[in-house]
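**Student:** Build me a structure from this.
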Amino acid sequence: MAVEVIGLDLAKNVFQAHGVDAAGRVVLRRRLRRSEVVAFFAGLPPALVGMEACHTAHHWGRELSKLGHQIRLMPPQFVKPYVKSQKNDAADAEAICEAVTRPTMRFVPVKGAEQQAVILLHRTRDLLIRQRSSLISAIRAHFAEFGIAVGQGIRNIDRLLALLQTGAEAERRVPPLAAEMLGILAAQLRAVGERVDEVEAKLLAWHRADETSRRLQGVPGIGPITASALVATVGDPRQFGSGRQFAAWLGLVPQQRSSG
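**Tutor:** A predicted model of the protein is given here:
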């Protein structure tokens, strides 16, 4: 009973595999520890392996494809309708096994390690910018508690922080303990700003080294950050049948005017 199609439900530690033969008969149900996954699939003949697309799916897609298996990643929302019973690992694996064979199913290309590294650059930058914004908001709010306010914008924060360096004037408007705490926030803000600059420098260097990213920058309104993000996220643009499909994937769709 050769396994033709396998649905693999991913998890942190315990995975669930569900396999069927060419006639659709169930020939495999197996719980796998994380350390057992590669060895288990190495002992199977090449098969079609379906997984829900998630952060770790690309890693497992690369590992299992090295063993000769054909990997297909699917958006989780497209797999959900195939869950027949109460949601659990076994039911999810069976639903994945069923969904991956559907002729109209949409698949997600497996990302390479380098591609994921560039995405991590963008996510790190996004996290640091959110931390910087949070610190700026906190500093503005705490100064406002003592009746000190400036206009919106990151540049005006320097005006607030300058008050901490004016000696007697600062002590008159801000108590020493509050000034000490604001100094800690200011130091953290400077450190995060330096990290943002470091990450953006690495992004710019990667952008300059990548031909596709440089070509995308030639499009009006697209700079190095957007161009490198598109290259890293999209991967192979041939997955889209037209520019309209790509626009819909980005969320740029026309207003609905149908009866629905």
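**Student:** only C-alpha atoms for contact and neighbour calcs from this point on.
**Tutor:** Fine.
**Student:** What segments of the stretch 1-150 of the chain are helices?
**Tutor:** Listed in chain order, the helices of the stretch 1-150 of the chain (DSSP state H, counting those that start in this stretch) span 37-42, 57-65, 76-79, 89-99, 113-144.
**Student:** quick one: low-confidence ranges for the stretch 101-250 of the chain?
**Tutor:** Applying pLDDT under 70 to the stretch 101-250 of the chain flags the ranges 166-172.
**Student:** And the strands in this structure, which stretches?
**Tutor:** 5-9, 14-20, 26-33, 48-52, 70-74 (DSSP state E).
**Student:** Export these as a markdown table, with columns for distance to residue 93.
**Tutor:** As requested, the strands of the chain are arranged in a markdown table below (distance: least, Cα to Cα, whole Å):
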| stretch | distance to residue 93 |
| --- | --- |
| strand 5-9 | 5 |
| strand 14-20 | 5 |
| strand 26-33 | 9 |
| strand 48-52 | 8 |
| strand 70-74 | 13 |
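**Student:** Of the helices of the stretch 1-150 of the chain, which stretch is the most buried?
**Tutor:** helix 89-99 (a mean of 24; mean count of other Cα atoms under 10 Å).
**Student:** orientation of it relative to strand 70-74 in degrees?
**Tutor:** If you take axes from the mean of the first three to the mean of the last three Cα atoms, to 10 degrees, helix 89-99 sits at 110 degrees to strand 70-74.
**Student:** hang on, the earlier thing: adding distance to residue 155, write the helices of the stretch 1-150 of the chain out as a markdown table.
**Tutor:** Formatted as a markdown table, the helices of the stretch 1-150 of the chain follow (distance: least, Cα to Cα, whole Å):
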| stretch | distance to residue 155 |
| --- | --- |
| helix 37-42 | 52 |
| helix 57-65 | 41 |
| helix 76-79 | 43 |
| helix 89-99 | 51 |
| helix 113-144 | 10 |
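**Student:** Identify whichever of the ones you listed lies nearest to residue 26.
**Tutor:** helix 89-99 (9.3 Å; Cα to Cα).
**Student:** other SSEs contacting that closest one?
**Tutor:** Contacts defined by 3 or more Cα pairs under 8 Å, 6 or more residues apart in numbering; DSSP states H and E place helix 89-99 against strand 5-9, strand 14-20, strand 48-52, helix 76-79.
**Student:** Let's see that helix as PDB, backbone CA atoms only.
**Tutor:** Provided in PDB are the C-alpha atoms of helix 89-99 (Å, rounded to 0.1, in the frame of the first residue of the first chain):
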ATOM      1  CA  ASP A  89      -4.700  17.300  15.000                       C
ATOM      2  CA  ALA A  90      -5.900  14.100  13.300                       C
ATOM      3  CA  ALA A  91      -8.900  15.900  11.700                       C
ATOM      4  CA  ASP A  92      -6.600  18.800  10.500                       C
ATOM      5  CA  ALA A  93      -4.100  16.400   8.900                       C
ATOM      6  CA  GLU A  94      -7.000  14.600   7.100                       C
ATOM      7  CA  ALA A  95      -8.400  17.900   5.900                       C
ATOM      8  CA  ILE A  96      -5.000  18.900   4.600                       C
ATOM      9  CA  CYS A  97      -4.600  15.600   2.800                       C
ATOM     10  CA  GLU A  98      -8.000  16.100   1.200                       C
ATOM     11  CA  ALA A  99      -7.500  19.800   0.300                       C
END
